Each structure stands twice: as C-alpha cells, then as structure tokens.
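Novice: Dropping the sequence and predicted coords here.
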Amino acid sequence: MKTTEHEWEIDSLYMDDVYSVAYTEHVRTIRHEAALVLPRIALKHLIAEGVVIHDPDAEPPKGVTERQPFFFRKRLIEYLHDRGDLLRDGDAYRPTEEMIRRAATSEAEYFGDGANSPTLLAMKHIESIAGGVLQGRDGLVLLEEAIGAEETWRTWQYLMVDAAPKRACNSLVARTLDLRLRAGKPVVVFEGGAGLGATLREAFRIEGFRERAEHIESFGFTDINRALMRRSEEMVREEAPELLERIHFDRVDLDQLDDYDELPYLQDASADIVIFESVLHDVENLERVLTSCHRILKPGGWLAFTIGSRGRPGQFFPCEFLQSTLHSYYRAELDPPRRSHVGYLTAEEWSLSLRDAGFPEFRIFPDQEFRDQWPYGGIIARRP
C-alpha cells in the first residue's frame, strides 16, 4: 500500500522470493502445530471442568503484570472459538468433541515425521510453563527455571529471529538498508532494539552488501539489554570487523529517545534510515516514539520496521505465542483508534499512527490480500 502517487525507490524492493510456496507452507505448519498444543493448554488449565466463562468485552487491567494473564487467557479462548473448537452460549464456552479428540491424539499420530520440528519443541517449552503464565508470572523467568538460561535464549532467538516465517521480517529490513546504500552516498543508520543483530546478519547474506557497506558513515546499534549487544558485537567482529569502527553500541530506551541528545545519530535530522526489527510494537508510547523518529530522520529519510499484522484470532495467535507470555508485551498505552491493541497492531492502526506522526507516505508488506496468509512483514515509511 502506498498513500501517494509519487515514485519512490522502495517500489523496487523485491520480496517475491521470500513470500513463496515454501514460505506459505512454513506458516501453515506452525498453525497446524498450534492446533494441537493450544487445545492441550486450554483443556488442562482453563476447561478442566468442561466449561470456561469469558466476557470478550471485559475491560483489561491497567497494570502490565495483571494484563499478561488477562490477555493470554483472552487470546487463547478467542483463538479456539474463532477456529470453531469452542462452542459459545452467552459467556460460557465449551470444547467440541473434535477438539477434545485432537488434544488427546499422540504427537506421532498427529504429525507423523514432523513430530520433532524445532517449532513444535519451542511450543512445547511454552506449554510446559503455561500454568504459571496464567497465574501472572513472566514467561522468560518461567522458561529459565524450567529449561535453563541457555536453552531459553536459544528458544527465544529461534522464535523471534530464526524461524522460517520470520525470514520475511529479517529480509525486509536488511534489503531496505541495502537499497538505501545503493545510492552510493554516506548513510547514517539508527537501529533501535537491535538485539542479536538480525538485520545485519541477514544483510551480510546479500550479494554485494559488504562492498556497499562502505557507504555506512555511522551505525547506531542500540538495545536496552547489554548482554544482547555484547553478543551482537562479537558477531560483527567475526562477520565484518571492518565495520566495527563505524558501529556504536549504545544502551537506549526507545520510549525516551529525546533524552539521548548526546548521541549524534539521535539528534535532529541526523539519520538517513531508522530500523526497528520486531520491536516497535513493544514500546509503551507509540505516538511519542514515531514522532521522535520523524525528528531524528533527515528530510527524505526512511523508517523501516517489521510487524506481525494482527488479524483473525484463529489465524494470528500462534504468531505471538511466545510474546503473549511476556510481561513486556503488555506495556502499551492504548490510544484508539491509532492503537486499540496491546502487542501487535493491525495494519489499519499502523496506518493511522504513521500519518498522525508525520509520515503520509509508506508501504506495507505484504499487500493487503495476503496478510492473513502471510502475517509477518513490515512497513517502510518516508519523512517528507
């Protein structure tokens, strides 16, 4: 989607090789796996007595820690109801016989040769701590207690970065960065919430990127987590040591971008491109962050960020299964109609938020008719 008729370099961004038949099958597989695991969680923790009471219009709590069990429960019930696995009578929901039968099916029978996929293993890790999540405990803490810190971070990195459906996110921002460098002019980059460096890792795979990376004048690589940045610095040291002197690893809170005026790439009209990979939906005050990005970008600068485009619960909940267990996922200050959801937003909410922050021109990937089929993607916006 574009909101103006002006020609724009981003129209040449190619994603057809990512959104492929194989990619569609990866998304389908995750939904198929969730259709076994999520009913098992519901039957064990919510519907043990054969019925669960749920008011879909109930007001969510204000506090982050109270929101997390509220929304995990709400989204699990509404996922199952949208799929047709729960029958509703007023506020009472009862499982269908088919759902009960499916939940009792052995994994070997249900999956066949796919019973040991890494995505299924990750879902089973989350399943093992679902009871604690519904009691209001943070999913990462529970996972570390259950499977250890190293396995927890491997699970987190796999689901957030390496799982096949997330390739759409990694590829989109990496290709956008590469496209910006192709003009051959000096480029100042600010990446917020850069974590384990998924954008750069993917960009290094693009033919010719290393040569074009000579045009990076400065790269502000930031995260709130120092341990993640240390891992990323090690990755850059191994993959592209020639970039180290131009990459600045700084601890930055995205909700307070205007407080970092000592960092050159966060000053007024200082950056050519701002990148957020799997993070912008997580901020507390989206309007403030987007407005700060508008200030930071040079005229004509690009804002590139990845999204999970919230859609029908029966299709979308598996895409946020891990995030839905985390306290941090529920920090959002709701601001309807620009932001009516905590966590991931709808494409319509993103559109309203960008326009009101001063970004009238943007493109959403994938196109509208494919968003249920391919829920992961991103948005590229341009400051006028």
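Specialist: Looks like it came in fine. Worth saying up front: this structure is predicted, and the values here are computed from it rather than measured.

Novice: how near is residue 231 to residue 238?
Specialist: According to CB to CB, to the nearest Å, residue 231 stands 11 Å off from residue 238. C-betas here are computed from N, CA, C, even on glycine.

Novice: correction: residue 178
Specialist: Taking CB to CB, one finds residue 178 at 20 Å from residue 238.

Novice: Comparing residue 231 and residue 238, which residue is more hemmed in?
Specialist: residue 231 (15 against 8; other CB atoms under 10 Å).

Novice: measure the more buried one to residue 122 for me?
Specialist: According to CB to CB, residue 231 stands 19 Å off from residue 122.

Novice: And for residue 237?
Specialist: Distance, residue 237 to residue 122, using CB to CB: 29 Å.

Novice: Those two - which one has more neighbours?
Specialist: Under the neighbour definition other CB under 10 Å, residue 237 and residue 122 were set side by side, and residue 122 has more, 22 against 11.

Novice: Moving C-terminal from whichever strand or helix holds the more buried one, which element do we reach first?
Specialist: Element membership for residue 122 (DSSP states H and E) is helix 118-128. Per DSSP H and E, helix 118-128 leads on to helix 130-134 as the next helix or strand towards the C-terminus.

Novice: and the very next helix or strand once past that next one, average pLDDT?
Specialist: With elements assigned by DSSP H and E, the helix or strand that comes after helix 130-134 is helix 139-147. Averaging pLDDT along helix 139-147 gives 97.

Novice: How about stretch 331-350?
Specialist: For stretch 331-350, mean pLDDT rounds to 95.

Novice: So which bits of it are buried?
Specialist: By 16 or more other CB atoms under 10 Å, the buried positions in stretch 331-350 come out as 331, 332, 338, 339, 342, 343, 344, 345, 346, 347, 349, 350.

Novice: now the helix holding residue 122 and helix 139-147, what's the angle there?
Specialist: Orientation check (axes from the mean of the first three to the mean of the last three CA atoms, to 10 degrees): helix 118-128 against helix 139-147 gives 100 degrees.

Novice: Run through who's touching stretch 273-281.
Specialist: Contacts of stretch 273-281 from elsewhere in the structure, counted by CB atoms under 8 Å, 6 or more residues apart in numbering, are 160-161, 166, 169-170, 173, 176-177, 180, 187-195, 198-199, 254, 286, 289, 293, 296-297, 301-308, 343-345.

Novice: Mind checking which of those residues are in helices?
Specialist: By the criterion of DSSP state H, membership of those in helices covers 169, 170, 173, 176, 177, 180, 198, 199, 286, 289, 293, 296.

Novice: So among those, which ones count as buried?
Specialist: For those, buried by 16+ other CB under 10 Å: 169, 170, 173, 176, 177, 180, 198, 199, 286, 289, 293, 296.

Novice: Any chance of CSV for these, columns pLDDT?
Specialist: Formatted as CSV, those follow (pLDDT from 0 to 100):
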residue, pLDDT
169, 96
170, 94
173, 98
176, 97
177, 98
180, 96
198, 92
199, 95
286, 97
289, 98
293, 98
296, 98
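
Novice: okay, now residue 168: neighbour count?
Specialist: Counted with other CB under 10 Å, residue 168 comes out at 24.

Novice: Confirm for me that it is in contact with residue 365.
Specialist: Yes - counting by CB atoms under 8 Å, residue 168 touches residue 365, with 7.5 Å between them.

Novice: got any residues that touch both of those two?
Specialist: 15, 377, 378.

Novice: Columns secondary structure and distance to residue 29 on top of those residues, output as CSV?
Specialist: Shown next, in CSV, are the shared contacts of residue 168 and residue 365 (DSSP: H, G, I helix; E, B strand; the rest coil; distance: CB to CB, whole Å):
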residue, secondary structure, distance to residue 29
15, coil, 20
377, strand, 18
378, strand, 22
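
Novice: By neighbour count, which of the residues you listed wins?
Specialist: Among the shared contacts of residue 168 and residue 365, the one with the most neighbours (other CB under 10 Å) is residue 378, at 27 neighbours.
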